[in-house]
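A.B. asks: Predicted coordinates and the sequence they were generated for:
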Amino acid sequence: MTLLLIVIHSIINIALGYVVLCIVDRGRKSKLWVVEAFLIGAFLETMIGFVFLMIGMSELYAFYTSIVIGFCFLLYQFFISKKLRLKMPKVSGKLNLFEVLLLIPIVAKVSIALYQLLRFPIYFDDAMTHWSGRAHALYGKVNWSMDATSEFFLGAAFGFKEYPLFLVIWRSINAGICGGWNDVVARADSFIFYILIMISVYIIIRKKTEKRWMALAAAFIISAVPLMHIHATSGYSEIAVCLVVLVIYNALTEGAYLKAGILTALCIWTKNEGLFLFFPIFAVCTLYVTAMDKQLDLKRKVISTASYCLSTIILISPWLIFKSMNGIPLSVISSEENFYHVDSILLFLSKLCNSPSSNIFWLAFFVFIIIGFNNWRKQKEIVMGVGLILMTLSLLFYVFCFTDAHRFLINDMTAHRSLLQIAPIAVIVIIASVIKSPESSDSESKKEVTHADA
């Protein structure tokens, strides 16, 4: 029953997010619109809940607000404007043997993850403290305070007050809907994100290659990364960032800059990496995509980039202003250390290429982008994906090798989890590296026609 109520909560988030998509993305051309609507709806609901908390109200009222806004808009669309057009992904054709063989392990992994969610307790330290511990405190209104002078400020007795509140508030609302706290509430969102990541990767690759077996292969690869499966029921926030980063990337490839900005604000609202890593990285990606878009003149390029940056800053501003007013540091990491730690390079490479959390995944990524260079170098969305991954790895290298976060590299607490956040985009790049770019295909066709004429 708990899981069913959480699914209903997610559907209500989709309804709320759909309202926003109708405003900022009227064409609704993205095949990921359901995933986008869920993420945007959950973001707005939790941000509204945060505002309610600041004025002394319960965050659960944000859930009721979501119901009113979402379903009133759907009723208006259906009965009055008659513009309700929900395009769901089509499932057509019979599966061949190879596709069945790919689908079987995916279903098996999902089934195992579901069993673990329903039967096993939460058992990871950070998940029990920073995310679920604070969420439990918020739900019970015990050991929780919005007063910056209190020792229980933002659940600081359980986790760092510097950490954003997206999952904390969303889990607390789930507990309120379910009528109590349990281990399913503490990590059900991880399972939902796991499913949505595989679906999103499948849809993106299916759209790009028009080959179902390749899309299933991509979904299988991402499901087979050891750490991804573990995080399906871990209760950590990295898998949430993983999904959000993937959807932001897809939005930028489609030229939906305002929508990408909203999702980037959610990324910042989910984890501090959103502000320090992905916001600047995606800002650079936005500059690249707009610069490469020949259909945009200079004015529209500037407006597109500005819409991305401003939408991100404006929507996350309540949290950043609140932190500034209450003297909350932007990050837990100390800024005093800024020097290279001995042997960090080898240790970082070891985490990247010789870790049981990812197996040979990252080694395979580098092999494929080298071998398939001629296939992906003319595809701007894949060039952006490669650049995004390399920029992320470079910034992570700096953080773990030059700052106080080096201790997390040594004790193996964070580095492997940070790499998980860009794994789905790496899968897309891997698949793109083995297929010919449209430019290459056109070039070969022209050569064949010329040869035939000769």
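C.D. replies: Sure, I can see it.

A.B. asks: What is the subsequent helix or strand relative to the helix or strand hosting Leu167?
C.D. replies: Secondary structure assigned from DSSP states H and E places Leu167 in helix 166-178. As assigned by DSSP H and E, the chain's next helix or strand after helix 166-178 is helix 183-209.

A.B. asks: how about whichever helix or strand comes after that next one: buried residues?
C.D. replies: Once the chain leaves helix 183-209, the next helix or strand it forms, by DSSP H and E, is helix 212-224. Judged by neighbour count (16 or more other C-beta atoms under 10 Å), helix 212-224 contains these buried residues: 212, 214-223. All C-beta atoms are positioned from the backbone trio N, CA, C, and that covers glycine.

A.B. asks: Relative to Leu310, which of those residues is nearest.
C.D. replies: Ile222 (32.3 Å; C-beta to C-beta).

A.B. asks: Could you export stretch 136-151 as CSV, CA atoms only?
C.D. replies: The C-alpha coordinates for stretch 136-151 follow below in CSV (Å, rounded to 0.1, in the frame of the first residue of the first chain):
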residue,chain,number,x,y,z
HIS,A,136,12.0,11.5,9.3
ALA,A,137,12.7,14.4,11.7
LEU,A,138,10.8,16.8,9.4
TYR,A,139,7.8,14.4,9.1
GLY,A,140,7.6,13.9,12.9
LYS,A,141,8.4,17.6,13.6
VAL,A,142,10.8,16.2,16.3
ASN,A,143,14.5,17.2,16.2
TRP,A,144,13.7,19.6,13.4
SER,A,145,13.6,23.4,13.5
MET,A,146,13.6,26.3,11.1
ASP,A,147,15.3,28.5,13.7
ALA,A,148,18.9,29.0,12.8
THR,A,149,19.9,29.3,16.5
SER,A,150,18.5,25.8,17.3
GLU,A,151,20.8,22.8,17.4
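
A.B. asks: Return the distance of it from the chain's centre.
C.D. replies: Here stretch 136-151 is found 28 Å from its chain centre; the criterion is C-alpha atoms, centre = their mean, to the nearest Å.

A.B. asks: What lies in contact with that stretch?
C.D. replies: Contacting residues not belonging to stretch 136-151 are listed as 53-54, 56, 59, 134, 152-155, 157-158, 168-169, 171-172, 175-176, 181, 186, 326-328 [C-beta atoms under 8 Å, 6 or more residues apart in numbering].

A.B. asks: Stretch 280-288 too?
C.D. replies: Contacts for stretch 280-288 (C-beta under 8 Å, 6+ apart): 248-249, 252, 257, 260, 264, 304-305, 308-309, 380, 383-384, 387-388, 391-392, 395.

A.B. asks: follow-up on the earlier one: now for the helix holding Leu167, which elements pack on it?
C.D. replies: helix 2-24, helix 33-54, helix 61-75, helix 132-140, helix 183-209, helix 257-270 (3 or more C-beta pairs under 8 Å, 6 or more residues apart in numbering; DSSP states H and E).

A.B. asks: what inclination does the fourth one have with respect to helix 166-178?
C.D. replies: Spelled out, that is helix 132-140. 50 degrees (axes from the mean of the first three to the mean of the last three C-alpha atoms, to 10 degrees).

A.B. asks: and what of the first one?
C.D. replies: Angular relation of helix 2-24 and helix 166-178 on a 0 to 180 degree scale: 120 degrees, by the same axes, to 10 degrees.

A.B. asks: which residues touch helix 2-24?
C.D. replies: 28, 33-34, 36-45, 63, 66-67, 69-71, 73-74, 77, 117-118, 173-174, 177-178, 182, 184-185, 188-189, 192, 256, 258-259, 262.

A.B. asks: So which bits of that helix are buried?
C.D. replies: Buried, per 16+ other C-beta under 10 Å, within helix 2-24: 2-3, 5-6, 9-10, 12-21, 24.

A.B. asks: where does the chain dip in pLDDT?
C.D. replies: 26-28, 79-93, 332-337, 437-454 (pLDDT under 70).

A.B. asks: in which helix or strand would I find Pro164?
C.D. replies: Assigned by DSSP H and E, Pro164 falls outside every helix and strand.

A.B. asks: In contact with it, which residues are there?
C.D. replies: 268-272, 274, 319.

A.B. asks: 10 Å instead, please
C.D. replies: 46, 50, 237, 266-272, 274-275, 316, 319, 323 (C-beta atoms under 10 Å, 6 or more residues apart in numbering).

A.B. asks: helix, strand or coil for the spatially most central residue of the chain?
C.D. replies: Against the mean C-alpha coordinate of the chain, by C-alpha atoms, centre = their mean, the closest residue is Val244 at 1.9 Å. Under DSSP: H, G, I helix; E, B strand; the rest coil, Val244 falls in the helix class.

A.B. asks: Test my guess that it contacts Phe279.
C.D. replies: No - look at Val244 against Phe279 with C-beta atoms under 10 Å: they stay out of range, at 11.7 Å.

A.B. asks: between these two, what contacts are shared?
C.D. replies: 264-265, 267-268.

A.B. asks: Adding distance to Ala364, write those out as JSON lines.
C.D. replies: Output for the shared contacts of Val244 and Phe279, formatted as JSON lines (distance: C-beta to C-beta, whole Å):
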{"residue": "Thr264", "distance to Ala364": "28"}
{"residue": "Ala265", "distance to Ala364": "33"}
{"residue": "Cys267", "distance to Ala364": "26"}
{"residue": "Ile268", "distance to Ala364": "31"}
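
A.B. asks: Please, where are all the helices along the stretch 251-400 of the chain?
C.D. replies: With helices called from DSSP state H, counting those that start in this stretch, the stretch 251-400 of the chain shows them at 257-270, 273, 279-292, 298-325, 344-353, 361-371, 373-376, 380-402.
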